[in-house]
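Student: the sequence and its predicted three-dimensional model are supplied below.
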Amino acid sequence: MSASKGQGLYVGLPTMATANAMYQRLAAAYHALFADNTRPSLILAHGGREMSDAFRQSVWQPSEQTAENYAHDDVNAMGECHAWFADSRKKALLAEVGVGTLDQLLMAVMPFRHQSMRLLGMRDKILLLDEVHAYDGYMVKLLEGLLHFHAAQGGSAIILSATLPAALREKLLSAFSEGARFPAAEASDNAGYPWLSHLSANGLEEQPLATRPEVQRTVAINWLHQRSEALDIIYRVVAAGQCICWIRNTVDDALEIFQQLLQEGIIPEQNLLLFHSRFAFTDRIAIEDKTLSWFGNRAPVSERRGKVLIATQVVEQSLDLDFDWMISDLAPIDLLIQRAGRLQRHIRDASGQSKAALPDERQPPVLHILAPDWQPEAEPGWLGPSLQGTGFVYPDHACLWRTQALLRQYGEIRMPENARQLVDGVYEHKIAAPPGLETLSDMAFGKVLSQRSVAAQNLLRHDKGYSREASDFLWDSDREFSTRLGEESVDVYLAWQDDMGELHPVEPEGDFRWEMSRLSVRRSWWQKRSAGFLCPDEEALEQFRNRYHRPAGQIVLVSETGEAPYYSRRTGLIGEPIV
């Protein structure tokens with residue numbers, strides 16, 4: 001930006017939660033990128049931004065009657081945004097600095113309405129794209145199209161990942177190079193970690209980077225094969241006055257363990273917390289706040305002592321958390337590295353009190369992994385009943401097997417020394433998986449190829465220019481485009497019904513009461529379990545849909561306090577299969 005190679009910045013992240021966290025951090029820093037006498041706008045760009053108090057309070061409408069003239073260190077001047085940029089997500093990319101999901105950028109290279117406005121908005125931006133390893137084959141292909149378009153406009157991009165496989169690095173470099181019409185350049189086959197790849201008109205320069213001492217760490221691996229072993233560790237940690245998190249791969253598995261801990265009654269209820277995706281937004285915010293107060297960087301020892309968090313993947317990336325101990329279900333290696341990054345993340349003394357400098361005085365970190373007994377010649381079903389859900393969430397079982405094989409071989413995650421060997425060993429197929437798992441692996445790979453094919457059809461073609469034939473589908477066709485693939489979801493609103501039959505959202509206050517009372521579930525999950533919920537009659541549901549413009553919304557009735565046999569503010573939405 002100092003060299004006039006860019007006039008603004010957009011930070012693209014995988015989820016709204018990660019975007020919200022980055023927005024708060026950038027609000028205190030982005031003014032340093034601009035001249036002192038300017039008022040650049042910082043915008044939060046995603047579908048749920050209206051529910052962010054920080055963003056709503058930042059919007060300002062200049063007028064002759066307004067005499068605000070903040071000093072640069074005034075907290076009221078942080079994170080301000082001109083109302084013109086904020087009144088439509090279509091104009092969000094025109095603001096000087098944006099933070100949001102990657103989706104807002106991807107819509108600029110797909111045949112959405114007002115696509116050209118988005119493309120114009122990002123033209124002079126430096127794109128900072130974080131956590132790019134978190135995307136599936138469909139979004140990766142769209143990301144390649146985005147980089148192609150942005151490079152063709154003369155733009156710059158900074159791409160960050162803690163666990164980037166070599167093949168993905170090559171795809172992204174190639175897409176940008178083709179868009180910018182740079183000469184072909186080959187990426188190194190012996191990339192270190194951390195590693196910098198700098199692609200420009202002068203060619204591709206790559207080099208290793210130094211690692212900060214405070215993030216150089218070794219995490220030992222301990223294998224668990226029974227849930228009872230995991231529970232024993234939890235009880236020992238709590239008895240010692242420390243804190244622990246168990247990351248489970250499915251909501252149902254997390255619920256099961258949480259309810260078991262509650263029923264056994266050994267750990268006080270007030271020291272147990274459950275965090276997953278099936279909470280209404282208002283409850284999820286409260287749980288996220290409590291999670292940070294217990295396990296965040298500034299959490300005092302008194303808050304951490306004896307606390308237990310049972311969570312799903314929601315804590316992998318978006319929150320700055322620090323646990324004394326951690327248990328994880330078996331998952332692909334990059335996700336296990338992400339999870340291990342929340343284990344003794346910040347420097348503390350032996351009692352758990354935060355301290356400024358190394359060494360960390362707690363016991364050496366250990367990542368306990370619940371996995372099946374080691375099976376050199378694993379066959380389908382090798383995960384067993386306790387990890388059956390894991391097999392559905394991560395269908396490439398060969399990837400899981402290679403993860404277990406390599407971690408058994410190394411016995412530890414040593415950062416940064418063996419990070420590259422672990423990630424590339426799993427994703428570049430450095431070791432052969434058992435023949436019995438190859439069919440499942442081939443099916444998973446076929447799904448990735450299918451996703452990439454669908455994405456290629458949905459992308460605009462830069463060489464076609466503004467033409468009706470610029471994509472495989474006409475701009476004015478009835479086809480609905482999406483920046484993400486996946487099973488269709490259902491929006492469920494929690495409400496209570498008064499004596500007159502009037503529906504009220506469980507969130508009692510604010511401008512977005514219905515949105516704060518909403519959660520999303522997979523359509524197949526809803527179809528299987530909805531008969532077990534109390535719902536309003538069809539007439540009341542249709543009135544709600546028409547009045548609030550939610551044509552596909554569903555309502556589940558709870559008490560005025562937000563409780564029901566199938567919903568609790570502690571456990572979220574529970575549904576047993578209807579036989």
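Tutor: Structure received.
Student: mind checking how far Trp174 is from Leu168?
Tutor: Not Trp; residue 174 is Ser. From Ser174 over to Leu168 the distance is 11 Å, taken as CB to CB, to the nearest Å. C-betas here are computed from N, CA, C, even on glycine.
Student: an error on my part: the question was meant for Ser482.
Tutor: 21 Å.
Student: neighbour-wise, which of the two wins?
Tutor: Leu168 (19 against 16; other CB atoms under 10 Å).
Student: and the more buried one, that's in a strand?
Tutor: No: per DSSP: H, G, I helix; E, B strand; the rest coil, Leu168 lies outside any strand segment and is helix.
Student: contact partners for it?
Tutor: Neighbour list for Leu168: 132-133, 140 [criterion: CB atoms under 8 Å, 6 or more residues apart in numbering].
Student: show the pLDDT at it.
Tutor: pLDDT, Leu168: 94.
Student: with Arg227 instead?
Tutor: 96.
Student: now it, nearest residue through space, not along the chain?
Tutor: Excluding the flanking residues, the one nearest Arg227 by CB to CB, 6 or more residues apart in numbering is Ser386, at 6.0 Å.
Student: surely that neighbour is in contact with Glu229?
Tutor: No: here Ser386 does not reach Glu229: they are 11.1 Å apart, not a contact under CB atoms under 8 Å.
Student: distance of Phe392 relative to Glu412?
Tutor: Distance, Phe392 to Glu412, by CB to CB: 29 Å.
Student: same check on Trp325?
Tutor: From Trp325 across to Glu412, the span is 16 Å (CB to CB).
Student: please apply the same query to Ala180.
Tutor: 41 Å.
Student: quick revisit: how about the residue nearest to Arg227, what does it touch?
Tutor: 226-227, 370.
Student: Ala152 now?
Tutor: Ala152 touches 179-181, 462, counting by CB under 8 Å, 6+ apart.
Student: related to what we said a few turns ago, of Phe392 and Glu412, which one has the most company?
Tutor: Glu412 (19 against 10).
Student: state the phi and psi torsions of that one.
Tutor: phi -170, psi 160 (degrees, to the nearest 10).
Student: got a list of what it touches?
Tutor: Counted by CB under 8 Å, 6+ apart, Glu412 has contacts 218-221, 418.
Student: equivalent analysis for Asn297, please.
Tutor: By CB under 8 Å, 6+ apart, the contact list for Asn297 reads 320, 322, 345-346, 354.
Student: repeat for Leu261
Tutor: With CB under 8 Å, 6+ apart, Leu261 has these contacts: 231, 234, 267, 272, 308, 310.
Student: now for the residues you listed: which two are most distant?
Tutor: Using CB to CB, the two most remote members of those are Leu231 and Leu272, lying 12.5 Å apart.
Student: picking that back up, for Pro551, state which of the contacts of Glu412 is nearest.
Tutor: Val219 (48.3 Å).
Student: what sits against the closest one?
Tutor: Shown in contact with Val219 (CB under 8 Å, 6+ apart): 340, 343, 365-367, 412-415.
Student: list the contacts of the helix-or-strand element of the chain with minimal mean pLDDT.
Tutor: None of the helices or strands of the chain scores lower by mean pLDDT, DSSP states H and E than helix 53-58, at a mean of 74. Residues from elsewhere that reach helix 53-58, judged by CB under 8 Å, 6+ apart: 23-24, 27, 42-44, 49-50, 78-81, 86.
Student: report the buried residues of stretch 509-519.
Tutor: 512-519 (16 or more other CB atoms under 10 Å).
Student: brain fart, stretch 542-556
Tutor: Buried residues in stretch 542-556 (16+ other CB under 10 Å): 544, 550, 553-556.
Student: now those as CSV including distance to Pro359?
Tutor: Compiled in CSV, these are given as follows (distance: CB to CB, whole Å):
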residue, distance to Pro359
Phe544, 58
Arg550, 54
Gly553, 53
Gln554, 53
Ile555, 54
Val556, 51
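Student: now Val140: which helix or strand?
Tutor: Element membership for Val140, per DSSP states H and E: helix 137-152.
Student: average model confidence for that helix?
Tutor: 97.
Student: centre of the chain to it, how far?
Tutor: 19 Å (CA atoms, centre = their mean, to the nearest Å).
Student: rewinding a little: quick one, which of the contacts of Ser386 are buried?
Tutor: Looks like the contacts of Ser386 have 227, 370 buried, using 16+ other CB under 10 Å.
Student: Ile126 - nearest residue in space that isn't next to it in sequence?
Tutor: That would be Gly6: by CB to CB, 6+ apart, it lies 4.1 Å from Ile126.
Student: swap that for Trp374, please
Tutor: In space, Trp374 is closest to Arg408, 6.5 Å off (CB to CB, 6+ apart).
Student: now do the same contact list for that neighbour.
Tutor: Going by CB under 8 Å, 6+ apart, Arg408 touches 221, 223, 374.
Student: pLDDT, distance to Asp103 and neighbour count added to the residues you listed, as JSON lines?
Tutor: Shown next, in JSON lines, are the contacts of Arg408 (pLDDT from 0 to 100; distance: CB to CB, whole Å; neighbours: other CB atoms under 10 Å):
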{"residue": "Ile221", "pLDDT": "98", "distance to Asp103": "35", "neighbour count": "18"}
{"residue": "Trp223", "pLDDT": "98", "distance to Asp103": "38", "neighbour count": "16"}
{"residue": "Trp374", "pLDDT": "97", "distance to Asp103": "40", "neighbour count": "13"}
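Student: dump these into CSV; add secondary structure and distance to Thr291 as well.
Tutor: Output for these, formatted as CSV (DSSP: H, G, I helix; E, B strand; the rest coil; distance: CB to CB, whole Å):
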residue, secondary structure, distance to Thr291
Ile221, strand, 25
Trp223, strand, 27
Trp374, coil, 33
